[in-house]
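In: model this:
(one chain, ligands or ions: 1)
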Amino acid sequence: MKKQDLINLIKYAIKAPSGHNSQPWKFKLEENSITIFPDYERILPVADPDNHELFISLGCALENLIIAAGYFGYHTDTDIEMKMEDPFKESIRVEFSSGNNQNYDRLFKNIEIRQSTRNKYNKAVIPPAHIEKLNEAGNQDQVLFLLFTEPGQIEPVIEITKRATVLQLSKKGFIKELMQWIRFNRKTAKKTGDGLYSRAIGSPSVPKWLGKLFLNLTLDPKREARKNVNLMKNSSGILIFIAKENNKEAWVNLGRSFQRVAITATPLKY
Ligand SMILES: Cc1cc2nc3c(=O)[nH]c(=O)nc-3n(C[C@H](O)[C@H](O)[C@H](O)COP(=O)(O)O)c2cc1C
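Out: Coordinates of the predicted model:
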């Protein structure tokens, strides 16, 4: 394969979501393969002490890579090597050969338009045909995928999320770490190409010092928890992804499952 074709595939891989948009991945290109490595310089020790979010993010990038490769006509073989504790031996190798026979057109087109939305939804009922598509996308190896639409299923999740939000935002270390990843204005966001652009998380675009001051003075964990509750109550459903085993390989597969659901859901209208 030409180097440019490999680089093109990476362009789609890195459109994947990641915790705090930390983009904790590195890629090695070889003649007919791309290997994804964790980037331990981009960890989130407070938000993600066991790095499970990091490996989920790698899984999301892997799923994009596989779908993009399929779209461009390649068959892929994936080898997830996560047994060793040595970070240099943790890798996800994707080998490309010709002869893909699956139709990835629809999914591929959604890679570029999928995004994390933190706005209020309209609580419309999801048609059964859509639910079927999402279930099919979410049910992957090592992952339990649950789609809750009934109030009786959703209420307990809301309660847990509310308590978790208060706990998380009451931690000074969490806020300090989060602030390192907030890009308070467009110029900084463009320069770093990573992190959370403040306008995308509902805050005004301001100079960094002012943004930090504003956040420190106004952040109220209980109010943020109420905001989350309101968002969840106005959603059509809640998706839950559970890794059946608590290890890196299962976390990667969970990321694959999440990403496939996300890009399957992106164009669905109802
Ligand atoms: C493992 C993981 C955890 C995430 N956790 C949160 C979260 O707690 N709150 C949130 O608003 N977004 C969360 N996100 C979404 C990211 O912030 C988002 O993917 C990133 O900012 C890039 O934006 P995009 O998804 O629109 O491309 C998470 C994403 C991943 C993959």
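
In: All the strands of this structure, residue numbers only.
Out: Shown for the chain, the strands assigned by DSSP state E span residues 25-30, 33-38, 74-81, 91-98, 143-148, 182-183, 196-197, 238-243.

In: list the helices and strands the fifth one packs on?
Out: When you say that, I think you mean strand 143-148. Under the contact criterion of 3 or more Cβ pairs under 8 Å, 6 or more residues apart in numbering; DSSP states H and E, strand 143-148 touches helix 128-138, strand 238-243, helix 248-265. C-beta here means a position set from N, CA and C on the backbone, and glycine is covered the same way.

In: Run the chain-centre distance for the longest one.
Out: Mean C-alpha position of helix 248-265 versus that of the full chain (Cα atoms, centre = their mean, to the nearest Å) differs by 8 Å.

In: can you list the residues that contact that helix?
Out: With contacts defined as Cβ atoms under 8 Å, 6 or more residues apart in numbering, helix 248-265 is touched by 16-17, 51-52, 55-64, 66-67, 80, 82, 90, 92, 107, 110-111, 114, 130, 133-134, 137-143, 145, 239, 241-244.

In: how about the nearest residue to the closest residue to the ligand within the stretch 1-150 of the chain, chain neighbours excluded?
Out: When Cβ to the nearest ligand atom is the measure, the stretch 1-150 of the chain has its nearest residue to the ligand at Pro17, with 2.7 Å between them. Of all residues beyond its chain neighbours, the one nearest Pro17 is Cys60 (5.5 Å), with distances taken as Cβ to Cβ, 6 or more residues apart in numbering.

In: give me every residue that touches that neighbour.
Out: Remark: with contacts taken as Cβ under 8 Å, 6+ apart, Cys60 is in contact with Ala16, Pro17, Ser18, Gly255, Arg256, Phe258, Gln259, Ala262.

In: of all those residues, which two lie farthest apart?
Out: Of all pairs drawn from these, the one with the longest distance (Cβ to Cβ) is Ser18 and Arg256, at 13.8 Å.

In: So which of the two has more stuff around it?
Out: Arg256 (25 against 21; other Cβ atoms under 10 Å).

In: what's the distance between that one and Ile36?
Out: Remark: distance between Arg256 and Ile36 (Cβ to Cβ, to the nearest Å) = 12 Å.

In: what touches both of those two?
Out: Both Arg256 and Ile36 are contacted by Leu62, under the criterion Cβ under 8 Å, 6+ apart.

In: how deep is the residue in the stretch 151-270 of the chain positioned nearest to the ligand tucked in, by neighbour count?
Out: Using Cβ to the nearest ligand atom, the single residue of the stretch 151-270 of the chain nearest to the ligand is Leu196, 5.3 Å away. Residues contacting Leu196 under the criterion other Cβ under 10 Å number 19.

In: does it have beta-bridge partners, and which?
Out: As for beta bridges, Leu196 partners with Ile182 under DSSP bridges.

In: Go ahead and confirm it touches Ser22.
Out: No. Taking Cβ atoms under 8 Å as the contact criterion, Leu196 and Ser22 are not neighbours in contact, 9.5 Å apart.

In: Between these two, which contacts overlap?
Out: Trp181.

In: Report the residue ranges of every domain in the chain.
Out: The record's domain split for the chain, according to automatic domain parsing, is 3-116+245-265, 151-233.

In: Quick check: end-to-end length of the longest one?
Out: Using Cα to Cα, to the nearest Å, the gap from the first to the last residue of domain 3-116+245-265 comes to 32 Å.

In: Distance from it to the middle of the chain?
Out: With Cα atoms, centre = their mean as the basis, domain 3-116+245-265 stands 10 Å off its chain's centre.

In: Lowest mean pLDDT across the domains of the chain, which one is that?
Out: Comparing mean pLDDT over the domains of the chain, the weakest stretch is domain 151-233, at a mean of 90.

In: Can you measure across it, start residue to end residue?
Out: For domain 151-233, the first-to-last residue distance is 9 Å (Cα to Cα).

In: Just the buried residues of stretch 217-234, please?
Out: Of the residues in stretch 217-234, those buried under the neighbour-count criterion (16 or more other Cβ atoms under 10 Å) are Pro221, Ala225, Asn228, Leu231, Met232.

In: Sounds good, over and out.
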